[in-house]
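K.L.:
For reference, the sequence and a predicted model appear below.
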Amino acid sequence: MKKAGLTYNTEKEQIVISEYGRCIQEMIKKLPEIEDRVQRTEAAKYIISVMVQMNPQIKESSDYEHKLWDHLCMISGYDLDVDSPYAPPTPVEQQSKPQHIGYQNNDIKYGHYGQYLIKMIEAASKEPNDEVREALAFSLAGQMKRNYLEWNKNVVNDQVIIDDLRTISGGKLVIAEETKLNTTGEMPGKPLMPKQQPQQGKKKKKKVPNLKANMNNPNNPAYKKRMQELGKL
């Protein structure tokens, strides 16, 4: 049963910009009823100030005032005759769809390693120096193991990493079988970072004698002097 004077929001006009609410929209719709242009402009400025209070996040933008006047024009249906400090937007500019950027169609067989790591392996396989290529192979194998463990938290067999590295590089990056890999990419017997040398020249702290403990020692000169003062020696 519908009561007189009671309407639901679903029966009302759809809100153009929900951040400002229905009351702001109704205020903007009333602006054309003001005949005097100066008063209509002042009323529009007042509504702009209320719009800022309803949507304070918009002030985070450097050109938020321009956006507010554009929103005012959009809510009014692009039919608002006021002295706006900015050129009003047109419906074509707001309703035009952006150009589609397209999707990548790259077929990544080893998705758990990542596309960039695959490109790094392809670039390292072109290295002419055998020693440098061997070092790159161990470094890339360590990164492959880290990426693999990010996708699969279980323990990964190092032989799987070695086989995948050989396959992706076309047989140019080869690591000996049964080699134990680590997640740092460090070559066995060839640490990437030198060990820190112990600091030299540190002075040892001098031991301070415990005077209270030595006061009871008969061989201590301070003990003898104290006994003489007391007349016991």
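P.N.:
Arrived safely. Computed from a predicted structure; not experimentally measured.

K.L.:
So what's the residue count around Ile58?
P.N.:
Ile58: 17 surrounding residues under other Cβ atoms under 10 Å. C-beta: built from backbone N, CA, C; applies to glycine.

K.L.:
Enumerate every residue touching Gly114.
P.N.:
By Cβ atoms under 8 Å, 6 or more residues apart in numbering, the contact set of Gly114 is Asn147.

K.L.:
How is the chain divided into domains?
P.N.:
Domains of the chain are assigned by automatic domain parsing as 12-95, 109-187.

K.L.:
what sits against the residue nearest to Trp151 when sequence neighbours are not counted?
P.N.:
Spatial nearest neighbour of Trp151, excluding adjacent residues (Cβ to Cβ, 6 or more residues apart in numbering): His112 at 4.2 Å. Going by Cβ under 8 Å, 6+ apart, His112 touches 147-148, 150-152.

K.L.:
Would you list the phi and psi of His112?
P.N.:
Backbone torsions for His112, taken as degrees, to the nearest 10, come to phi -70, psi -20.

K.L.:
do Tyr78 as well
P.N.:
phi 60, psi 30.

K.L.:
Tell me, how many residues neighbour the residue lying closest to it once chain neighbours are set aside?
P.N.:
The shortest distance from Tyr78 to any non-neighbouring residue, by Cβ to Cβ, 6+ apart, is to Pro91 (5.4 Å). Burial measure for Pro91: 11 neighbouring residues, criterion other Cβ under 10 Å.

K.L.:
Cys73 is in contact with Pro91, correct?
P.N.:
No - if you go by Cβ atoms under 8 Å, Pro91 and Cys73 don't touch, sitting 9.9 Å apart.

K.L.:
Show me where this structure has its helices.
P.N.:
Here the chain has its helices, by DSSP state H, at 21-29, 37-54, 64-75, 91-95, 115-124, 130-151, 158-168, 211-214, 221-229.

K.L.:
could those go into a markdown table alongside mean pLDDT and distance to Glu11?
P.N.:
Formatted as a markdown table, the helices of the chain follow (pLDDT from 0 to 100; distance: least, Cβ to Cβ, whole Å):
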| stretch | mean pLDDT | distance to Glu11 |
| --- | --- | --- |
| helix 21-29 | 91 | 12 |
| helix 37-54 | 93 | 23 |
| helix 64-75 | 92 | 19 |
| helix 91-95 | 67 | 26 |
| helix 115-124 | 90 | 52 |
| helix 130-151 | 90 | 52 |
| helix 158-168 | 91 | 62 |
| helix 211-214 | 54 | 94 |
| helix 221-229 | 72 | 103 |
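
K.L.:
Thanks a lot, see you next time.
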